[in-house]
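In: kindly generate the corresponding structure for this input.
(chains A and B, ligands or ions: 1)
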Amino acid sequence: MENPMDMTGKRVLVTGASSGIGRETCVLLSRLGARVVLSGRNMENLEAALADMEPGEHVISPYDLAGVEGIPAWVRSLAKENGPFSGCVHSAGYFMGKAFALIKPQEVRDAFAVNFDAAFALAQGFRHKSARDPGPASIVFVTSVAGFVGSPTHTLYSATKGALISFSKSLALELARENIRVNCVAPALVKTPLMEAGFTRFTQEMQNKILGDHPLGLGMPMDVAHSAVFLLSDAATWITGTTLVVDGGYLAH
Amino acid sequence: MPVTKPAFYKVLDELFELDEGTVTGAERLDALGEWDSLRVVSLIALVDERFQIILPAEGFADAKTVQDLVAMFGKDLAE
Ligand SMILES: NC(=O)c1ccc[n+]([C@@H]2O[C@H](COP(=O)([O-])OP(=O)(O)OC[C@H]3O[C@@H](n4cnc5c(N)ncnc54)[C@H](OP(=O)(O)O)[C@@H]3O)[C@@H](O)[C@H]2O)c1
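Out: Below you'll find the predicted structure:
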């Protein structure tokens, strides 16, 4: 039976592979036949992610994306060692919720480095002819509904995620001629271990409000992984420069 | 950084945008500034950042005084 999301033989670089959405994206990609390069910082968690995947030609390459300058060369070296890429998912990122008045300039730089600058540098490395499979290719950035709607304490996080959304549109236009599609997925609240640990510390009132904002309930990492892999796959051949909202109805209000 | 009363009061100075050394521990919160949910979330974030302690949000909204906040740690803080 034909599977339009088949990824057989495609090599995909996934950042944030050690946890949450990135990790489930790796698992799904392995089930669909892709060869995955898993990246993150925590080696133990990267190995645990690999253990969850269907066996295949997968490799682990730890990298701290705060070292933005080195990213393009790192991506090219990965392609040289393992073979060229046809997909990239940037799921690495972190959430920071803090009152605007208390945010320090260094925190702004740190947040942009991983959530945004790293995406920029990854795409530069990925599109380089030495890194990329000459066939159709696809880049997916994991952004957030926070890139569309505001919320107190989300100023910095929203800015990094909104930057990804607008960046992806211009990049899509520029890379179309190179047969590279560029899209984002924008999740609302997803149940990752980190998020669940934080959630239980909210007051009951805060928890009820958040749950009420998600008509289909909170998301699971695999819900987002499915959308990211759809955008990577040939099923999305005619889709570029868009952001797929995966939010259980959060933005429908 | 280990959490002590003086270190926590410094965090409160920052939280309420007061000069360092303003909070001495005897204040009511409404004398320091607005005590609302944004302030609660910010305080929890600052305490996590400075002392690597994650306080549950439950109960914060009812706090009236600086000492009520100290009590949220659930242990005696060094003077
Ligand atoms: N969970 C949600 O509710 C939610 C909602 C909307 C959007 N998102 C977005 O979805 C993406 C994934 O989130 P998640 O919830 O799956 O996150 P998570 O479970 O917290 O995992 C974050 C991942 O990012 C990696 N990472 C963070 N800083 C890094 C750095 N400096 N260098 C390399 N890797 C780094 C971590 O790697 P190590 O742990 O190995 O360092 C980890 O794999 C993020 O971009 C997040 O903003 C999440």
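
In: in chain A, what residue lies closest to chain B?
Out: As assessed by CB to the nearest CB, chain B sits closest to residue A:99 within chain A, at 4.0 Å. Bear in mind the C-beta positions are built from the backbone N, C-alpha and C, glycine included.

In: in the stretch 51-200 of chain A, what residue spans correspond to helices?
Out: With DSSP state H, counting those that start in this stretch as the criterion, the stretch 51-200 of chain A has helices at A:71-82, A:105-112, A:118-127, A:155-175, A:193-199.

In: next one: chain B
Out: Secondary structure of chain B by DSSP state H: the helices cover B:5-15, B:29-32, B:37-51, B:66-71.

In: what comes up buried for the first one?
Out: By neighbour count, and taking 16 or more other CB atoms under 10 Å in any protein chain shown as the criterion, the buried residues in helix B:5-15 are B:5, B:8-12, B:14-15.

In: name the residue of chain B that lies nearest to chain A.
Out: Closest point on chain B to chain A, by CB to the nearest CB, is residue B:42, at 4.0 Å.

In: wait, that residue sits on residue A:102?
Out: Yes. Judged on CB atoms under 8 Å, residue B:42 makes contact with residue A:102 at a distance of 5.9 Å.

In: neighbour count: these two, which is higher?
Out: Neighbours of residue B:42 and residue A:102, each counted by other CB atoms under 10 Å in any protein chain shown, are more numerous for residue B:42; the result is 23 against 16.

In: next up, the contacts around that one.
Out: A:98-99, A:102, A:153, B:15 (CB atoms under 8 Å, 6 or more residues apart in numbering or on different chains).

In: what does residue A:125 give?
Out: A:71-76, A:131.

In: any quick PyMOL command for the buried ones out of those residues?
Out: In PyMOL syntax, the buried subset of the contacts of residue A:125 is picked out as below (16+ other CB under 10 Å):
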select buried, chain A and resi 71+72+74+75+76+131
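
In: so what sits against both of residue B:42 and residue A:102?
Out: Joint contacts of residue B:42 and residue A:102 (CB under 8 Å, 6+ apart) are residue B:15.

In: distance of residue A:188 from residue A:235?
Out: Distance of residue A:188 to residue A:235, computed by CB to CB, to the nearest Å: 23 Å.

In: what about the two, which has more around it?
Out: residue A:188 (22 against 14).

In: residues contacting the more buried one?
Out: Neighbour list for residue A:188: A:144-145, A:213-214, A:218-219, A:246-248, A:250-251 [criterion: CB under 8 Å, 6+ apart].

In: got the phi and psi for the residue of the stretch 51-200 of chain A found nearest the ligand?
Out: Minimum separation of the stretch 51-200 of chain A from the ligand (CB to the nearest ligand atom) falls at residue A:93, amounting to 2.4 Å. Note on residue A:93: backbone dihedrals following degrees, to the nearest 10 are phi 170, psi 170.

In: my guess is it contacts residue A:115, does it?
Out: Yes. Between residue A:93 and residue A:115 a contact is recorded at 4.5 Å, counting by CB under 8 Å.

In: so what sits against both of the two?
Out: Counting by CB under 8 Å, 6+ apart, the common neighbours of residue A:93 and residue A:115 are residue A:160.

In: who wins for proximity to the ligand among the helices of chain B?
Out: Nearest to the ligand among these is helix B:37-51 (14.9 Å), distances taken as CB to the nearest ligand atom.

In: got the CA positions of that closest one in PDB?
Out: Only the C-alpha atoms of helix B:37-51 are listed here, as PDB (Å, rounded to 0.1, in the frame of the first residue of the first chain):
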ATOM      1  CA  SER B  37      -0.600  36.900  39.500                       C
ATOM      2  CA  LEU B  38       2.000  38.300  37.200                       C
ATOM      3  CA  ARG B  39       4.100  39.200  40.200                       C
ATOM      4  CA  VAL B  40       3.600  35.600  41.600                       C
ATOM      5  CA  VAL B  41       4.700  34.000  38.400                       C
ATOM      6  CA  SER B  42       7.700  36.300  38.300                       C
ATOM      7  CA  LEU B  43       8.700  35.600  41.800                       C
ATOM      8  CA  ILE B  44       8.500  31.800  41.200                       C
ATOM      9  CA  ALA B  45      10.800  32.300  38.100                       C
ATOM     10  CA  LEU B  46      13.300  34.400  40.100                       C
ATOM     11  CA  VAL B  47      13.400  32.000  43.000                       C
ATOM     12  CA  ASP B  48      14.000  29.100  40.500                       C
ATOM     13  CA  GLU B  49      16.700  31.100  38.700                       C
ATOM     14  CA  ARG B  50      18.600  32.300  41.800                       C
ATOM     15  CA  PHE B  51      18.200  29.400  44.200                       C
END
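
In: good, wrapping up.
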